[in-house]
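Q: Everything below, folded, please.
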Amino acid sequence: MWEPDYFALVNLLALAALYLWAAGRAKRITGQSWSILRTISFLSAITIMIATYLGPFSAWSHVAFWPHMMQHIAIMMVAGPLIVLSNPVTLTFINLGSAGRRNVVKVLRSRPMRLITNPYFGWSLFAFVLLGTHVIFVMEWILTDHDAMLFIERPVFLAAALIFYYPLIGNDLIAKRPSPSVRLVSLGLMMIPETVLGMVIHFAPIPLYPTYVDASFSSGLDPLTDQKFAGALMWALGMVLDGFWMMLAALQWWREQEKETDQLERQEAREAQNQ
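A: Okay, here's the model as predicted:
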């Protein structure tokens, strides 16, 4: 069952086409092929967003809570970091002229951007969006207003994920990258709000959202069972995905240490030859 949302489909396909065009042009500019892994990462994110926004999860999210929760997990914890790993800022920088590149550098070094890329800000924003959108009256507003879901919830979820993960994984021309320990701790601490949210929803003794109670009369689903499953998904999958991104950050840390060690060894070798 697919829910036709042509506005989202056209925009997502346009983004995929734009990325592929920019990747091809980057090869002509630099003489080197754009990383296939980054391209796969971006296209994977677009595919996940199409499946999430237009596929069964989108259609079922008005009937049951657990598909709605899967949408949140897919966008905030999978699609968002995959976009970050595709290095869209670097690709944009390569495709711009000299004036455009100077402007990109100015933006990246600006005070607002330094605030946004501060891991404390990103963590707080991610947690606030995750927890705030599950407050009962906010959730009910989103579920009953299509425009709120399309033009507010979806962009806010994706923006919070991009801001959170941008300084923590990959290295996409960020002006001031946090230390490896800060990156790991930030990713690990995100388990706290995810676990709290999952536990509150899972252990709630009554259904929290009237929309799903009303939908249960036609769907036949038990709203409390559905809610417990949704909470368990956030609790369990959130921890698994956080653990994966922590491992990736740890691997990046290890590679950085290897590069520093190699540089020191080469420097020592040159100094030894000069003596």
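
Q: Show me which residues of the one helix or strand in the chain whose mean pLDDT sits lowest are buried.
A: Least confident helix or strand of the chain, by mean pLDDT, DSSP states H and E, is helix 56-60 with a mean of 83. Buried residues in helix 56-60, counted by 16 or more other CB atoms under 10 Å: F57, S58, W60. For the C-beta atoms, the positions are set from N, CA and C on the backbone; glycine is no exception.

Q: Run a quick check on the second one versus M70, I expect a contact.
A: To tie it back to what came earlier, the one meant is S58. No: if you go by CB atoms under 8 Å, S58 and M70 don't touch, sitting 10.2 Å apart.

Q: Between those two, which contacts overlap?
A: The contact sets of S58 and M70 overlap at T52 (CB atoms under 8 Å, 6 or more residues apart in numbering).

Q: if we can go back for a sec, from the contact counts, what lies against the next helix or strand after the least confident helix or strand of the chain?
A: Counting by DSSP states H and E, the next helix or strand C-terminal to helix 56-60 is helix 65-74. Applying 3 or more CB pairs under 8 Å, 6 or more residues apart in numbering; DSSP states H and E, we find helix 65-74 packed against helix 36-54, helix 56-60, helix 223-274.

Q: Can you tell me which of these has the worst average pLDDT?
A: Of all those, mean pLDDT reaches its minimum on helix 56-60 (a mean of 83).

Q: Render the CA-only coordinates of it in PDB, please.
A: The C-alpha atoms that make up helix 56-60 are tabulated as PDB, following Å, rounded to 0.1, in the frame of the first residue of the first chain:
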ATOM      1  CA  PRO A  56       3.400   1.700   3.600                       C
ATOM      2  CA  PHE A  57       4.800   3.300   6.700                       C
ATOM      3  CA  SER A  58       3.300   6.600   5.600                       C
ATOM      4  CA  ALA A  59      -0.100   5.100   4.900                       C
ATOM      5  CA  TRP A  60      -0.100   3.000   8.000                       C
END
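
Q: Need the contact partners of the helix or strand harbouring L91.
A: Assigning secondary structure by DSSP H and E places L91 in helix 88-95. Residues outside helix 88-95 that contact it (CB under 8 Å, 6+ apart): 19, 22-23, 25-26, 29-30, 34, 38, 42, 101, 104, 108, 172-173.
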